[in-house]
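S.K.: Provide a 3D model corresponding to the input given below.
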Amino acid sequence: MKKFIAEGKLSTIRTALWNEFHDRRKTSAQIMNFAKVTAKQVPGLWEPYEEKAFAREMIMDKSKWTPDYFDSQTTYLRTNFSKKRFSHLARVRQYLRDAKEDGFAPT
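M.R.: Residues are numbered from 1 along each chain as shown. All right, here's what the predicted structure looks like:
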């Protein structure tokens, strides 16, 4: 990440953070901390939260937090890289890890 930050390519930095959600060795808290540290070094990392065609609303009802919902939200994050959406995705991920959903359990 240090290399990406030094290069200053915002899209690459965002992609690197986005990819962290797929590293099953890391907890969601670790990912959030990584994002927090990165945001301090990268002005403009976060976009304002918005809902649009490829960044639909976030659902707060945990009973609807499924692997498919997680996948949709990761796509929406790529379209709207907001801190609010990133944090929500971290909570959904942790919920699925705690529920021991296939593909989310730590390795």
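
S.K.: from what I can see W46 touches A39, true?
M.R.: Yes - W46 is within contact range of A39, at 6.5 Å (criterion: CB atoms under 8 Å). Where you see a C-beta, it was placed from the backbone N, CA and C, and this is true even at glycine.

S.K.: show me the common contact partners of those two, please.
M.R.: Residues touching both W46 and A39 (CB atoms under 8 Å, 6 or more residues apart in numbering): K83.

S.K.: list the contacts of the nearest residue to L17 once chain neighbours are set aside.
M.R.: Computed as CB to CB, 6 or more residues apart in numbering, the closest residue to L17 that is not its neighbour in sequence is A35, at 5.6 Å. The contact partners of A35, taken as CB under 8 Å, 6+ apart, are L17, E20, K83, F86.

S.K.: how about R85?
M.R.: Counting by CB under 8 Å, 6+ apart, R85 has contacts Y49, A55, M58, Q73, Y76, L77.

S.K.: got the phi and psi for the first one?
M.R.: Backbone torsions of Y49, given as degrees, to the nearest 10, read phi -70, psi 130.

S.K.: how far away is it from R14?
M.R.: Separation of Y49 from R14 (CB to CB, to the nearest Å): 15 Å.
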